[in-house]
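Asker: sequence unknown, structure follows:
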């Protein structure tokens, strides 16, 4: 199986990590190509000439790009340990909330991270409003789809690792157990799952990387 599946990723990309999680949950063997995004390989540019970014999953020589698209491809190709719900309506809702995560949740949290003062206060309020929707979706459930990790958990999986890193760097609290009990519990359940836990990138390197990413925004806003 490894010779049929090749994943192009970077060491820190939360989007590429979605694909890693899905492949591991499915029990699939795959080859990993870790890219230096400042010096992209000819293969990356060949396989994804449109966006020129990771992740790229190459299956039998054919590339699939964009993390959420790749998740659906994996789920449709390998039927074991289904990621998407079987019911068409539930599948549609999972896709809806995944898009909400891309369009609303991540940008609002990133705005908190890279802003200061009153701008940060406004960003915090917007992010909290978006997080309340996720809190509602998780009421009475261990994971978004029920008792096991699925498509939507993987789509939002970056939160279980990256939120605490951003909080530490910015010296603030975005998600606490009192305000978001269901979301907090979900983050712990997801992060501590044995399959997921072994895939997290080194925390110290992540802190160093995101500190460096934040600095230009702070200088610009000063």
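Answerer: Happy to help now that I have it. Since the model is a prediction, treat every value here as computed from it, not as a measurement. Numbering: from 1, shown residues only.
Asker: what's the spacing between residue 28 and residue 211?
Answerer: From residue 28 across to residue 211, the span is 34 Å (C-beta to C-beta, to the nearest Å). Yep, even glycine has a C-beta here, placed from its N, CA and C like the rest.
Asker: Of these two, give the one with the bigger neighbour count.
Answerer: The neighbour count for residue 28 versus residue 211, taken as other C-beta atoms under 10 Å, is higher for residue 28 (18 against 13).
Asker: in stretch 181-201, what counts as buried?
Answerer: For stretch 181-201, burial by neighbour count (16 or more other C-beta atoms under 10 Å) applies to 182-184, 186-187, 189-191, 193, 196, 201.
Asker: Now render those as CSV, adding pLDDT, secondary structure and distance to residue 173.
Answerer: As requested, these are exported to CSV (pLDDT from 0 to 100; DSSP: H, G, I helix; E, B strand; the rest coil; distance: C-beta to C-beta, whole Å):
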residue, pLDDT, secondary structure, distance to residue 173
182, 98, helix, 17
183, 98, helix, 13
184, 98, helix, 11
186, 98, helix, 17
187, 98, helix, 13
189, 97, helix, 20
190, 98, helix, 19
191, 97, helix, 17
193, 96, coil, 24
196, 97, helix, 23
201, 97, coil, 22
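Asker: and residue 64, how many neighbours?
Answerer: Residue neighbour count, defined by other C-beta under 10 Å, stands at 20 for residue 64.
Asker: can you check the one 10 residues further on too?
Answerer: For residue 74, the number of neighbouring residues by other C-beta under 10 Å comes to 23.
Asker: Please report the confidence value the model assigns to the residue sitting nearest the centre point of the chain.
Answerer: Centroid check for the chain by C-alpha atoms, centre = their mean gives residue 158 as the closest residue, at 3.4 Å. Note on residue 158: pLDDT of 97.
Asker: from what I can see it touches residue 14, true?
Answerer: Yes. At 3.5 Å, residue 158 and residue 14 qualify as touching, with contact defined as C-beta atoms under 8 Å.
Asker: Can you tell me how far the residue nearest to residue 60 when sequence neighbours are not counted is from residue 35?
Answerer: Once flanking residues are discounted, residue 60 sits nearest to residue 4: 5.4 Å by C-beta to C-beta, 6 or more residues apart in numbering. Taken as C-beta to C-beta, the spacing of residue 4 relative to residue 35 amounts to 20 Å.
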